[in-house]
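Undergrad: Build the 3D model from these lines:
(2 chains)
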Amino acid sequence: MRNRIIIVDDDPINNHMSSYFISQTLTETDIISFELPIEALEFLNDASIMKDESYMNVILLDINMPAISGWDVLDEFEKMTPHIHEHFKIFLVSSSIDPKDRERSDANIFVKELLSKPLTDSVIRKLFTA
Amino acid sequence: MINTEMGIIDVLNTIEDLAIGCDQFDNYEMLIENIKSKFDSIANTDTTGLYLYNEGEEKLKLIYAKGLSKEEIEQAEDSAMEMHPGHVFKTGDILWVQDQDGELDSHLGIEKGLFNKRSRLYVPVKSGNKIAGAFGIQSEQANAFTDFHLKLLKIFAALAGRCHYSINQKILIKKLECKEKEFSKLLYNTNDLIAAYDARGFINYVNESWLNRMHYTFEDVVGTNIFSYIHQESHAHCIQFFNSLGTQQTHSHLVEYSLTTKHGKKIELKGTVICNYEDEKLIGINSFLKDVTDRNNSSRKIKEDSEIILGICEGIPESVVITDLNGLIVKWDTKSKSLFGWDETEVKGLDFLETIFDENTVPQFRNIIDECERQGSYEFELQHRDLKARHKNGNEFYISMNLVSTKMNNEDLIMFFVMDSTERKKAKDELLRSKLMLDLILQSLSESVWAVSIPDNEIEYIDKSSEDLYGYTVTEWYGNRNIWMDSIHRDDKTMVINETEKLYKLGQIYLEYRIITASKEEKWIYSRIKILKDYRNLPFLMVGISGDITERKIAEENIKKAKIQNVKLKSLYENILNNIPIDIALFDSDHKYLFINKEAIKDEQIRRWMIGKDDFDYARLKGNSEEIAVKRRKEFESVIKSNKVAFWLDVHKNKSGEAIYKERRLHSFDNNNYVIGYAVDVTAQKAVEHDKERVISELIQRNIDLEQFSYIISHNLRLPVANIIGITRILADYKIDDNDKEQFLSGLVDSAKQLDGVIMDLNEILKVRRETSEKKEIVYFPDVLRRVTEDLKEIIKQEDVLIVSNFESIMAIDAIPAFMYSVFHNLITNSIKYKKENMTSLIEIKSGLFDGKVQLSFKDNGIGIDLKKNMNSVFGMYKRFHAKVYGKGMGLYMVKRQVESMGGTIKIESEVNKGSEFLLEFRLNDLKISNN
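TA: Residues are numbered from 1 along each chain as shown, chains lettered A, B, ... in the order given. Model (predicted):
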């Protein structure tokens, strides 16, 4: 089973940067990035239909995005099948140091952890082991 | 009921009118009309009733009833004696029941609950010394009556009593006059000589027969003394008789004396004298005499020569009957036939007494004759008056009879001279009855009647009523000539003396003055004094009537006092009200001003003018719009309807354009008859409140700003910083190829720019705060729009935008020009940004005045915003709602800040795919509006 990281963030600079970090740190990992959360949700729905079990997925989900925020994506995720829930680990990512976001993420069972931007080597290494 | 000063003055005037008029009413109808109209105009009661006692029917008649149907009036009258009016009438007490009072009702013998009126107030109506009835008011409500009602009722009852008394007196006097007319007709027609004179013999009256017989005229004899007509022969006898009258106390005397006619001829008279005594003092003498000259002559002649008796008998006016000593008729002349109806042939030989008298009268004569027989002397002469006799046809009539013993042909006989005295008897009875009635009237009058001789000031006559009035007995009066003058109140003495002096010139006077009674009580009385002159035209007697008017005087005094007091009170109240720093106005039930104080309207002329007018009149006077008057009328009507206090805040501009806040309050009282309005100036309070609100809202804004700042710092500032940290780490730690390096470097530049942009935005926000203190000026909407469209010329052309504007109703407001520009710029840009693709963007901008606020609307046909989701964050900073549209999320935040810093509000209405409308509102009193 291969590892795959899905980045959902409206900031292209961040996506580029994150992809680079991951590619340098986790060599055997596929990376997909979405600037529009709606595209990410479509991807998840497709994955749900196909029941593709060849990947272990980690989603790096930005909280602050226009139109559909990270929280909105989490709401949609909740409605998806247990199969998806099992195969997709979600990490929230934010440049924010807002304590409100921290509280909210702790309360959400689908969120593994709230990560602060920018991502570091050590954090990225732990993504699949956590 | 009566609550305004003016109202009380009206009441007083009304009562005064009635008090002055109350002696002038001739009948009850006038009295009722007057009391009804006047009392009703003052006292607003459910039921009013004036009961007066009717002696003939022995019941209380409801002579005036308000609020009762005909049946109810009859019912009330039937039960009045047993009910409350009767109680008041019998006891003379005031009855005041404020609620269903079982105790009192059972005391009156009234079944509880039978009487459903809940408040009752009755006062007695006093007429002279007597209680004539009761005056009362009733109400369905408990505790309906106050002291004021009692006072009013008392005053009206006193006036009603006064009227009643005055009317009754007039009726009595009229009755007496009628009787007197009838009586004098009788006196005039009789053959008897009738005269009336006083105790000293001065003639007051003689009848026609007297004058004819004496050959005098009425003017000749009235005022002269009877003794000047008495024949010398009778003089000594008459003086003795007169003197005896004063002590005898006998009313009726048989007399015989002679008078001398004008021509010196002697006439012999025989008859009755009736004396009038008042308290054992002789006050007058009436004589009823018959001319017996001819008869005496004939009886003398009979005695001399019985042979010619019969011939002579035919010549005298009396009927002559001759009987023997047993009373059997011997001779019956023709006059007897016409008097008794019997012919001589029918009665000759019959018992005379039995023929003409009934069995009660007969024995009386029998005794006389028997007595004569016993004494053996048949010489007698007897006279009997007013005997009841019987005519042949059975009719009864009165006769006077003289019987004389005589001898005819040496036979002892009795001669009866008989005269019809029916008329005389009638006149005598009438006189007695009249006298009784006069006494009755005098007694029923509470007035004192008196006579004082001139110039010696001796009390000649004073009646019993004077005892009640002055407290001195009649004997005390007769004994002390100074009582009258001494009892006059010190302060009125000079006036009375001065007025009395006018008496000789005027003949009669009317006085009102105070007296001090024997019991040292002060009373107001009136006296009507007349002077009587003797035949020499010299005054000899002062006759007067005096009566108690204390009650009326007190009522009048009280009215006067109350009037003065009220005028004083009124000016005092007005002074107080005019110096209270609150607007005060009193309205009647039609919302017309009854009073308005100085604080409310400074100009005294206008203040006076306002009385009786309303706010509409004021608006017309001032040339103002009727808006305020309409608003106030609405509040007034709600107060009248709900009976609750109306309370509102009202703003108007003073001359210098400053907003004045007034807290207004309206409430009604006295069953909505009056409404009082206050207005307190709360501008200072409002300014403080306003400042407080502003400070609070500023603080809230600051807080929001701070939150925004921390948000900006934690999100927007942190984002580029995170990127910069990340990229610099990559550049430092990793060996990267040139292509990547270039990409990261440009990302680094973008992030730095982004960081700079955020800092610039922060600066922009701070600028709004700073610029708020900038001066506002008139900003014309068309100018702002022109500048913005000019600046956005390129993008408008490029994006296919159509802007339509309408600023007709409001063209400009007082605002900060830079802010207004920003608002227009941001809202238009926003609409263009979120326009629908492939469709002309239509932006409608218009201004208007709604509910006292200036409204500015920006409406587009763009893609809209899902407000359900984003309601709270539309105007937030760095909020963007559409992923594909470029924008920092600053525009709407800035618009909101700027609008609010100018005192306005902004809200949005939007529907996805239909468009959005931004509504801006600015309060009028913060912004001057302009239509130019």
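Undergrad: and the gap between whatever residue of chain A ends up closest to chain B and B:Leu719?
TA: For chain A, the nearest residue to chain B under the criterion C-beta to the nearest C-beta is A:Pro118, separated by 3.0 Å. Yep, even glycine has a C-beta here, placed from its N, CA and C like the rest. To B:Leu719, A:Pro118 is 10 Å away according to C-beta to C-beta, to the nearest Å.
Undergrad: anything in contact with each of those two?
TA: A:Asn14 (C-beta atoms under 8 Å, 6 or more residues apart in numbering or on different chains).
Undergrad: now do the same end-to-end measure for stretch B:468-480.
TA: Using C-alpha to C-alpha, to the nearest Å, one end of stretch B:468-480 lies 17 Å from the other.
Undergrad: How about stretch B:342-354?
TA: Counting by C-alpha to C-alpha, the terminal residues of stretch B:342-354 are separated by 13 Å.
Undergrad: centre of the chain versus it, how much separation?
TA: Here stretch B:342-354 is found 79 Å from its chain centre; the criterion is C-alpha atoms, centre = their mean, to the nearest Å.
Undergrad: Same question for stretch B:121-129.
TA: 17 Å.
Undergrad: Do I have it right that the residue of chain A closest to chain B meets B:Thr728?
TA: No. Taking contacts as C-beta atoms under 8 Å, A:Pro118 lies outside contact range of B:Thr728: 9.5 Å.
Undergrad: When the two are compared, which one has more neighbours?
TA: A:Pro118 (22 against 14; other C-beta atoms under 10 Å in any protein chain shown).
Undergrad: I'd like the distance from that one to B:Gly848, if you could.
TA: For A:Pro118, the distance to B:Gly848 - C-beta to C-beta - is 52 Å.
Undergrad: burial measure for the closest residue to B:Asp761 other than its chain neighbours, as a count.
TA: With sequence-adjacent residues excluded and distances taken as C-beta to C-beta, 6 or more residues apart in numbering or on different chains, B:Asp761 is closest to B:Met890, at 5.5 Å. B:Met890 has 20 neighbouring residues, counting by other C-beta under 10 Å.
Undergrad: What of A:Ser33?
TA: By the criterion of other C-beta under 10 Å, A:Ser33 has 19 neighbours.
Undergrad: State the pLDDT value of it.
TA: A:Ser33 is assigned 92 on the pLDDT scale.
Undergrad: Quick check on it: phi, psi?
TA: Backbone torsions of A:Ser33, given as degrees, to the nearest 10, read phi -130, psi 140.
Undergrad: hey, C-alpha coordinates of stretch B:49-59 in CSV?
TA: Coordinates of each C-alpha in stretch B:49-59 appear next as CSV, following Å, rounded to 0.1, in the frame of the first residue of the first chain:
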residue,chain,number,x,y,z
GLY,B,49,-84.3,65.1,43.1
LEU,B,50,-86.0,68.0,44.9
TYR,B,51,-88.8,66.9,47.2
LEU,B,52,-91.2,69.3,48.7
TYR,B,53,-93.9,68.5,51.2
ASN,B,54,-97.4,68.9,50.0
GLU,B,55,-99.7,69.6,53.0
GLY,B,56,-102.9,68.8,51.1
GLU,B,57,-101.8,65.3,50.1
GLU,B,58,-99.6,64.8,53.1
LYS,B,59,-96.8,63.5,50.9
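Undergrad: Could I get the buried residue list for that stretch?
TA: B:49-53 (16 or more other C-beta atoms under 10 Å in any protein chain shown).
Undergrad: dump the residue contacts of the residue of the stretch 351-500 of chain B found nearest chain A.
TA: Residue nearest to chain A within the stretch 351-500 of chain B: B:Asp491 (99.7 Å; C-beta to the nearest C-beta). B:Asp491 makes contacts with B:Arg514, as judged by C-beta under 8 Å, 6+ apart.
Undergrad: Run through the residues that contact B:Leu52.
TA: Residues near B:Leu52 by C-beta under 8 Å, 6+ apart: B:28, B:60-61, B:63, B:125, B:132-133, B:164.
Undergrad: now for those, which pair is the farthest apart?
TA: Largest separation among the contacts of B:Leu52 by C-beta to C-beta: B:Tyr28 and B:Leu60, giving 13.9 Å.
Undergrad: So those two - more neighbours on which side?
TA: B:Leu60 (25 against 18).
Undergrad: How about B:Asp590, nearest residue that isn't a chain neighbour?
TA: B:Asp614 (7.8 Å).
Undergrad: about what we covered before: nearest to chain A, of the buried residues of stretch B:49-59?
TA: Once C-beta to the nearest C-beta is applied, the member of the buried residues of stretch B:49-59 that ends up nearest chain A is B:Gly49, at 84.6 Å.
Undergrad: For the residue nearest to B:Asp590, grab the count of nearby residues.
TA: B:Asp614: 18 neighbours (other C-beta under 10 Å).
Undergrad: Please identify which residue in chain B comes closest to chain A.
TA: B:Gly726 (3.0 Å).
Undergrad: What does the closest residue to that residue other than its chain neighbours show for phi and psi?
TA: Counting by C-beta to C-beta, 6+ apart, A:Pro118 is the residue found nearest to B:Gly726 once chain neighbours are left out, at 3.0 Å. Torsion angles at A:Pro118 (phi, psi; degrees, to the nearest 10) stand at phi -80, psi 160.
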